Every structure is written in C-alpha cells, then in structure tokens.
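# got a predicted structure plus its sequence, pasted below:
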Amino acid sequence: MATRDQVRGLVDAGYSYESIGAQLEIAPGLAYMIATGVAADGSGDPTHEPDRPAPQAGAQRLVQPVTHAPIRQPHVVEWIRQRADTDLRRDQPEPSPDHA
C-alpha cells in the first residue's frame, strides 16, 4: 500500500493524482485520500492535520469513471431490429380460420 509520504512526495513534485495512481498502482481517488485525508467524493470527516494539503477543486472526477458511449455498429442495429421483429411476431395471436 502506498504511504502518505510517497503520495505527498509525488504531489510536491508536480504529478497529477491520475499519474500518481498509475505509478503506485492504486486508484487516483485513493491517492488523493492518502495525500489529503479527505475522500475525493467529499464524503466523510476530514482529518485535522496542519500539514495536510488543501482539498482540490474538482476532485470528484478522481472517483467517477469516464463514461464511454460505444459507436453504433450497423450490423448490431440490424441484429437488434431483427430480434425485436421476431419477438413481436411471436407475441401476436394466430389469426382464426374464419377471419382469413
């Protein structure tokens, strides 16, 4: 586990919490918490240490994964369309012989 001295040393050297997390193989939000004593999502009670770095504005991004919207693939859209059509036809009642 990373130590506060390790994380603070990297912060003081100018590294971002994302790069610190990658270097120390921990989540960026955890690196932030180790350095500041405050959860990046703003929850919990902060510690009251005089040498603790000030909380960083926008730290919430350190705990929220980046969302990814996949690109539409025409073959997938067509497969879904065919599947829905098949399901809809299956749910329709059979026509009665006297209405044919």
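All right, it came through fine.
# wait, residue 39 touches residue 33, no?
Yes. Applying C-beta atoms under 8 Å as the test, residue 39 and residue 33 come out as touching, 5.5 Å apart. Where C-beta positions appear, they are placed from N, C-alpha and C, glycine not excepted.
# which of the two has more residues huddled nearby?
Neighbours around residue 39 and residue 33, counted as other C-beta atoms under 10 Å, are more numerous at residue 33. The numbers are 22 against 19.
# which stretch of helix or strand covers that one?
helix 28-36 (DSSP states H and E).
# list every C-alpha atom in the helix ranked longest in the chain, with coordinates, as PDB.
For the chain, the longest helix by residue count, based on DSSP state H, is helix 74-91. Extracted in PDB, the C-alpha atoms of helix 74-91 (Å, rounded to 0.1, in the frame of the first residue of the first chain):
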ATOM      1  CA  PRO A  74     -24.800  -1.200 -38.300                       C
ATOM      2  CA  HIS A  75     -24.700  -5.000 -38.000                       C
ATOM      3  CA  VAL A  76     -25.600  -4.800 -34.300                       C
ATOM      4  CA  VAL A  77     -28.500  -2.400 -35.000                       C
ATOM      5  CA  GLU A  78     -29.800  -4.700 -37.700                       C
ATOM      6  CA  TRP A  79     -29.500  -7.800 -35.400                       C
ATOM      7  CA  ILE A  80     -31.500  -5.900 -32.700                       C
ATOM      8  CA  ARG A  81     -34.100  -4.900 -35.300                       C
ATOM      9  CA  GLN A  82     -34.500  -8.500 -36.500                       C
ATOM     10  CA  ARG A  83     -34.700  -9.800 -32.900                       C
ATOM     11  CA  ALA A  84     -37.400  -7.300 -31.900                       C
ATOM     12  CA  ASP A  85     -39.400  -8.100 -35.100                       C
ATOM     13  CA  THR A  86     -39.200 -11.900 -34.300                       C
ATOM     14  CA  ASP A  87     -40.300 -11.300 -30.700                       C
ATOM     15  CA  LEU A  88     -43.200  -9.100 -31.800                       C
ATOM     16  CA  ARG A  89     -44.400 -11.600 -34.300                       C
ATOM     17  CA  ARG A  90     -44.200 -14.400 -31.700                       C
ATOM     18  CA  ASP A  91     -46.400 -12.400 -29.300                       C
END
